[in-house]
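Q: fold the following for me, if possible:
(one chain, ligands or ions: 3)
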Amino acid sequence: MQDIANTQAVIKTSLSGYELINTPMLNKGMAFTAHERDMFRLHGLLPPHVGTIDEQADRRLKILRAFSTDFERYAFLRDLQDTNETLFYHVLVHHLEELLPLVYTPTVGEGCQHFSEIWRKPRGLFLSYPNKQRIREILADPRFDRVRVIVVSDGERILGLGDQGAGGMGIPIGKLSLYTGCAGIHPELTLPILLDVGTNNRERLTNPLYIGWRHERIVGTEYDEFVEEFVSAVIERWPDVLLQWEDFAGSNASRLLQKYRGRLCTFNDDIQGTAAIAAGTLLAAINVTGIPLQEQRIAVLGAGSAGCGISSLLLRAMVDAGMSEEQASQAFFLVDRNGLLVEGMEGITSAQAPFVQSRDAIKGWDDDASSHIGLLEVMRHAKPTVLIGVSGQAGAFSEDVVRTMAQHVERPVIFPLSNPTSRSEATPQQLIEWTEGRALVGTGSPFAPVPWQGRSVHIDQTNNSYVFPGVGLGVLAVGAKRVTDTMFMAAAKAVAAMSPTVKDKTASLLPPVDQLREVSVAVAKAVAMQAQVDGVAGACDEAEVDRRIEAFVWEPKYLPYALAG
Ligand SMILES: NC(=O)c1ccc[n+]([C@@H]2O[C@H](COP(=O)([O-])OP(=O)(O)OC[C@H]3O[C@@H](n4cnc5c(N)ncnc54)[C@H](O)[C@@H]3O)[C@@H](O)[C@H]2O)c1
Ligand SMILES: O=C(O)C[C@H](O)C(=O)O
Ligand SMILES: [Mn+2]
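A: Ligands and ions are numbered 1, 2, ... in the order given. Alright, predicted model coming up:
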């Protein structure tokens with residue numbers, strides 16, 4: 001077990017001079033002590049002042065706050081990460097609420113769209129199609145010996161912003177920043193990877209600054225063989241690694257998960273992580289509405305990775321609560337581009353199949369029998385208690401839809417989860433207004449509190465960031481061999497158990513973002529315990545799980561240095 005984080009008291013290094021300063025994980029900038037400056041030949045390379053990490057943090061925050069756009073702040077923070085990683089995480093951890101929207105959603109979306117323009121230093125690995133034969137050689141670099149977690153994307157469905165090609169690298173970098181920032185996993189254990197199989201984004205392909213492989217996307221067998229080469233090289237290099245799939249488009253997401261989840265320790269965050277936070281937030285909302293899970297009717301706009309992932313975890317929870325599978329599946333109304341999923345419809349995927357409504361159940365719903373059943377008809381006839389948006393379509397929760405829903409339920413639970421902010425199915429302000437303040441709202445991207453009748457309504461950020469860092473920490477702590485769906489159920493319950501609504505029905509649904517460190521530890525513990533129940537990790541009692549988790553959590557602070565060897 002690799003508990004490198006807190007057990008280390010001194011860092012030994014053979015680097016010195018510029019090499020030391022130019023190594024982001026070792027650089028301390030002006031905080032190198034006088035003794036370290038002697039030992040590592042740093043005099044003259046640094047100004048004479050010897051500073052502290054707090055002083056450095058203040059200096060960076062002052063500049064950060066002076067920028068006029070969040071995109072500039074994103075670029076500035078990325079540069080800090082690639083210059084002095086300890087300082088980057090120190091600032092992030094101590095200002096999580098302010099900085100999370102800058103290093104992660106929503107600003108990371110712009111970061112991906114403009115990744116080529118702000119390209120400076122390499123981070124992680126770009127595995128491009130023309131380098132297919134070199135993947136093993138690239139992974140072999142000894143600097144990656146300690147890697148334990150990989151986040152990989154092929155950049156095809158970046159948030160709700162579509163194909164960003166190699167610019168999609170912003171997402172694995174951002175996700176792994178949260179593994180460290182929220183779950184304390186040491187940066188050296190993490191590796192962001194972008195599979196560059198081309199892009200169909202014209203703007204990127206024709207941009208002279210584009211950093212990726214200038215080629216349309218590889219598809220079909222060639223794509224599958226490339227991914228196979230990648231995964232088998234990963235298994236060979238790091239047999240126990242945790243591999244997180246992120247922002248893969250359409251059918252690739254679930255197909256690759258099914259193909260590989262039995263071969264290594266792996267999960268898809270958009271399917272499974274999202275399911276856990278949506279379920280966790282709904283369980284918290286039940287504390288407020290009092291409507292048990294068995295009586296919920298759930299409408300989902302967007303029956304893709306997230307929509308099907310959320311539905312299948314909720315279905316599982318309903319079955320656990322005593323419903324039959326058939327009964328539970330009829331509580332779901334999944335609406336995609338062509339309307340409500342109904343039996344006999346063309347192109348139903350295997351992930352969607354459990355949720356198609358029978359023809360009988362929807363008899364008389366559409367005025368015109370030939371047309372598809374839209375979200376409004378679903379609101380009118382199914383009278384859902386919950387409305388979830390994972391369609392990437394801004395404004396798709398229209399006033400009509402929301403007002404109709406609110407006619408039938410006292411406290412409508414409405415989660416427009418699409419990211420970034422510009423893709424949200426509705427703004428919280430609209431939802432609060434259209435429901436006269438009755439809606440319980442959770443959004444994928446962060447939104448400011450909404451003023452309503454003299455009070456301020458806090459808006460919860462229902463984002464998988466509450467889940468995946470803790471899943472990673474739990475998996476690493478007990479050395480889980482596989483990631484099961486019940487581990488995500490345990491994560492959902494752990495989040496719900498931390499909901500302020502447990503004590504106060506008028507409180508927000510989720511703990512605030514600045515408590516993500518505590519949330520991640522709680523999720524990690526639940527996941528680590530469930531991994532044992534599921535037989536994918538060796539036995540280890542609760543106290544030992546706590547000890548291992550604690551040992552893994554790295555605090556971003558400078559340690560004294562000594563010469564190696
Ligand atoms: N809050 C979170 O934690 C979280 C997590 C995952 C995904 N998301 C967001 O959810 C969105 C979808 O992600 P995904 O991975 O499921 O993508 P996806 O491409 O797998 O699924 C999107 C689905 O929406 C459907 N769709 C498109 N236009 C539609 C319309 N007008 N009406 C109904 N359906 C429509 C598509 O056909 C597709 O099936 C993205 O915007 C993403 O940012 C949020
Ligand atoms: O990245 C996020 O903010 C959440 C989610 O994984 C998404 O794809 O939108
Ligand atoms: Mn994602």
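
Q: now G181, nearest residue through space, not along the chain?
A: Of all residues not flanking G181 in the chain, L92 sits nearest, at 4.5 Å (CB to CB, 6 or more residues apart in numbering). C-beta: built from backbone N, CA, C; applies to glycine.

Q: ok, now V151?
A: P172 (4.0 Å).

Q: pretty sure that neighbour belongs to a helix, no?
A: Yes: counting by DSSP: H, G, I helix; E, B strand; the rest coil, P172 is located in a helix.

Q: was I right to think it contacts G155?
A: No: look at P172 against G155 with CB atoms under 8 Å: they stay out of range, at 9.5 Å.

Q: the two: which has the busier surroundings?
A: More crowded of P172 and G155, by other CB atoms under 10 Å: G155, with 32 against 25.

Q: for the more buried one, which non-adjacent residue is closest in space?
A: Once flanking residues are discounted, G155 sits nearest to G168: 2.4 Å by CB to CB, 6+ apart.

Q: how far away is G155 from T506?
A: Per CB to CB, to the nearest Å, G155 is found 42 Å from T506.

Q: just P47 next, same as before
A: 53 Å.

Q: next one: L417
A: 23 Å.

Q: likewise for I271?
A: Distance of I271 to T506, computed by CB to CB: 33 Å.

Q: which one of these two has more residues nearby?
A: Shown here are I271 and T506; by other CB under 10 Å, I271 has more neighbours (26 against 8).

Q: which element is the closest residue to that one other than its chain neighbours on?
A: Among residues not flanking I271 along the chain, G309 sits closest, at 3.5 Å (CB to CB, 6+ apart). For G309, the host element (DSSP states H and E) is helix 305-320.

Q: ok, that helix near ligand 1 or not?
A: Yes: shown here: helix 305-320 in contact with ligand 1 (CB under 6 Å from any ligand atom) through S305, A306, G307.

Q: what's near enough to touch I138?
A: When contacts are counted by CB atoms under 8 Å, 6 or more residues apart in numbering, I138 touches L125, L127, N131.

Q: change it to 10 Å
A: L125, F126, L127, N131, F144, I193, A233, R237 (CB atoms under 10 Å, 6 or more residues apart in numbering).

Q: contacts only, for the third one.
A: It stands for L127. 134-135, 138-139, 152, 154, 193-197, 226, 229-230, 233.

Q: SS state for it?
A: With three-state DSSP as the criterion, L127 reads strand.

Q: relative to ligand 1, how far out is it?
A: Distance, L127 to ligand 1, by CB to the nearest ligand atom, to the nearest Å: 22 Å.

Q: same question, the fourth one
A: Here N131 is placed at a distance of 27 Å from ligand 1 (CB to the nearest ligand atom).

Q: could you measure from that residue over to ligand 3?
A: To ligand 3, N131 is 25 Å away according to CB to the ion, to the nearest Å.

Q: tell me how many other residues crowd that residue.
A: Applying other CB under 10 Å, we find 15 other residues in the vicinity of N131.

Q: and it, that one's in a helix?
A: Yes: assessed by three-state DSSP, N131 belongs to a helix.

Q: so which strand or helix has the residue lying closest to it once chain neighbours are set aside?
A: Nearest non-adjacent residue to N131, counting by CB to CB, 6+ apart: I138, 6.9 Å away. In the assignment (DSSP H and E), I138 maps to helix 135-139.

Q: tell me the buried residues in that helix?
A: I135, L139 (16 or more other CB atoms under 10 Å).

Q: what about that helix, average pLDDT?
A: Helix 135-139 shows a mean pLDDT of 98.

Q: next one: that helix to chain centre, how far?
A: 26 Å (CA atoms, centre = their mean, to the nearest Å).

Q: with stretch 456-467 instead?
A: 13 Å.

Q: measure it end to end?
A: Counting by CA to CA, to the nearest Å, you get 27 Å between the two ends of stretch 456-467.

Q: for the residue nearest to R438 when sequence neighbours are not counted, what are its contacts?
A: Leaving out its chain neighbours, the residue that sits closest to R438 by CB to CB, 6+ apart is R411, at 5.5 Å. Listed by CB under 10 Å, 6+ apart, the contact set of R411 reads A285, V288, T289, G290, I291, T385, T435, R438, A439, L440.

Q: could you rerun that using 7 Å?
A: By CB atoms under 7 Å, 6 or more residues apart in numbering, the contact set of R411 is V288, T289, R438, L440.

Q: quick check, nearest of those residues to L100?
A: Comparing the contacts of R411 against L100 with CB to CB places L440 closest, at 22.2 Å.

Q: quick check: bridge partners of that closest one?
A: Beta-bridge pairing of L440 under DSSP bridges involves V413.
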